[in-house]
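Asker: quick one, fold the following:
(chains A and B)
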Amino acid sequence: MANFILRKAEPKDVSEILRLIKELAKFEEMEEQVILTEKELLEDGFGEHPFYHCIIAEVPQGEQSVEGYTVIGFAMYYFTYDPWIGKLLYLEDFYVMKEFRGYGIGSEILKLLSETAVKTRCSSMHFIVAEWNKSSIEFYKRRGASDLSLEEGWRLFEISKGSLLKMSTKQK
Amino acid sequence: MANFKLRKAEPKDVPDILRLIKELAKYEEMEDQVVLTEKDLLEDGFGDHPFYHCIVAEVPVEHQKVKGCSVIGFAMYYFTYDPWIGKLLYLEDFYVMQEYRGYGIGSEILKLLSDTAVKTRCSSMHFIVAESNKASIEFYKKRGASDLSLEEGWRLFRIDKDYLLKMSAEE
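Answerer: Below you'll find the model as predicted:
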């Protein structure tokens, strides 16, 4: 039975956060897409205006992972704004290392996120899930999540930098 | 040709922002779903830590087509974070009053948003569009937008407050 704590991430956790981001990306077979650096994570998360927040799951020294890690899970979130209802908590990344699953760490993280959302007067929590990720979809549905893409037909779009630059430099 | 200017929203714009939010919601047949108040908008947008930013489109008083309205369009956005690439600009609402369409105001707003995204070192701009809104989908695709839901199979989920309360109260 894993003995763990959950806490707010601190600047010293940045290298661990990046490691876990890469592990999760690897699981999605996208590891080489992670171009974010520790420097950016530090500036963006622990500067004057944080662009994200992190919850860290940590185990004591004696219960560390096979490779010697004590930080074994994380959730990255930020606040978004719905023009009809106001503040929302947006869950961006959520991952527990494989060897530490099944102990309720994920549930505890989600519980802490729920508390955070309620305390900061958010109306709900949003997040996206890949439609093939059936086990994650089940995990969330069990906790009351509804698929807005299904119910309301929303599609997520992206205009990437190349097109942004093109638009921003276009003459009138 | 509409004579207009774009500027950052100020606290005094809050009533107009709420009016335009409701107009856009009405167009989506969801006007009664807008529970946000001017007080919320003021606190959330112009306090210590803004939770959203707005660009407003304004016409001079003498060019008003609708009496009393000089603020005739807006875009609401905020910054999100992609764990693989960093900061993104998220376009939440984007609306120009019907009487003022066809003058390129929407294009200018999108241009200003693009400038903002580039200046703040965002890797891209994200937004959602209802799959039924073919005109908007075309507008964005013309400007280089790609449908990530289609390409990558992402689905947007929500856990509502009552379930959040349920989870946070669980032993």
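
Asker: low-confidence regions, the chain specifically.
Answerer: No chain was given, so I picked chain A. Filtered on pLDDT under 70, chain A yields the residue ranges A:1-2, A:153-172.

Asker: please refer instead to chain B.
Answerer: Low-confidence segments of chain B (pLDDT under 70): B:1-2, B:153-165, B:167-171.

Asker: where along it do the helices fall?
Answerer: Under the criterion DSSP state H, chain B contains helices at B:14-27, B:38-46, B:105-119, B:134-142, B:148-152, B:161-169.

Asker: number of residues surrounding residue B:166?
Answerer: By the measure other Cβ atoms under 10 Å in any protein chain shown, the count of residues near residue B:166 is 14. The C-beta positions use only the backbone N, C-alpha and C, and glycine is treated the same way.

Asker: that one touches residue A:118, doesn't it?
Answerer: No - counting by Cβ atoms under 8 Å, residue B:166 stays clear of residue A:118, with 10.5 Å between them.

Asker: burial count for residue A:65?
Answerer: Counted with other Cβ under 10 Å, residues neighbouring residue A:65 total 14.

Asker: residues in contact with it?
Answerer: A:59, A:72, A:97, A:99, A:100 (Cβ atoms under 8 Å, 6 or more residues apart in numbering or on different chains).

Asker: look up phi and psi at it.
Answerer: Main-chain dihedrals, residue A:65, degrees, to the nearest 10: phi -70, psi 170.

Asker: for the one 5 residues further on, same thing?
Answerer: Main-chain dihedrals, residue A:70, degrees, to the nearest 10: phi -100, psi -30.

Asker: just confirm residue A:107 is within a strand.
Answerer: No - the assignment for residue A:107, made by DSSP: H, G, I helix; E, B strand; the rest coil, is helix rather than a strand.

Asker: how about residue 91: what's its closest non-neighbour residue?
Answerer: Let's take chain A. Computed as Cβ to Cβ, 6 or more residues apart in numbering or on different chains, the closest residue to residue A:91 that is not its neighbour in sequence is residue A:127, at 3.9 Å.

Asker: sorry, should have said chain B
Answerer: Leaving out its chain neighbours, the residue that sits closest to residue B:91 by Cβ to Cβ, 6+ apart is residue B:127, at 3.9 Å.

Asker: what of residue A:137?
Answerer: Counting by Cβ to Cβ, 6+ apart, the residue nearest residue A:137 is residue A:129, at 5.6 Å.

Asker: what's the neighbour count on residue B:130?
Answerer: Neighbour count of residue B:130, defined by other Cβ under 10 Å: 13.

Asker: again with residue A:85
Answerer: Using other Cβ under 10 Å, residue A:85 has 16 neighbouring residues.

Asker: now the residue most central in space within chain A. Nearest residue, chain neighbours left out?
Answerer: By Cα atoms, centre = their mean, the mean C-alpha position of chain A lies nearest to residue A:93, the distance being 2.0 Å. Closest residue to residue A:93 apart from its sequence neighbours, by Cβ to Cβ, 6+ apart: residue A:76 at 4.2 Å.

Asker: so what's the nearest residue to residue B:27 once chain neighbours are set aside bridging to?
Answerer: Computed as Cβ to Cβ, 6+ apart, the closest residue to residue B:27 that is not its neighbour in sequence is residue B:95, at 7.9 Å. On the basis of DSSP bridges, residue B:95 is bridged to residue B:74.

Asker: just checking, residue B:95 touches residue B:74?
Answerer: Yes - Residue B:95 sits in contact with residue B:74 when judged by Cβ under 8 Å, with a separation of 6.2 Å.

Asker: which one's more surrounded, the two?
Answerer: Taking neighbours as other Cβ under 10 Å, residue B:95 and residue B:74 compare with residue B:74 leading, 27 against 20.

Asker: what sits against the residue nearest the centre of chain B?
Answerer: Nearest to the geometric centre of chain B sits residue B:93, at 2.0 Å (Cα atoms, centre = their mean). The contact partners of residue B:93, by Cβ under 8 Å, 6+ apart, come to A:83, B:21, B:24, B:74, B:75, B:76.

Asker: could you dump those residues into TSV and include distance to residue A:142?
Answerer: Shown next, in TSV, are these (distance: Cβ to Cβ, whole Å):
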residue	distance to residue A:142
A:83	30
B:21	34
B:24	34
B:74	39
B:75	37
B:76	33
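
Asker: not counting sequence-adjacent ones, nearest residue to residue A:85?
Answerer: Distances taken as Cβ to Cβ, 6+ apart place residue A:123 nearest to residue A:85, at 4.4 Å, with adjacent residues excluded.

Asker: that neighbour: how many residues sit nearby?
Answerer: When neighbours are defined as other Cβ under 10 Å, residue A:123 has 20 of them.
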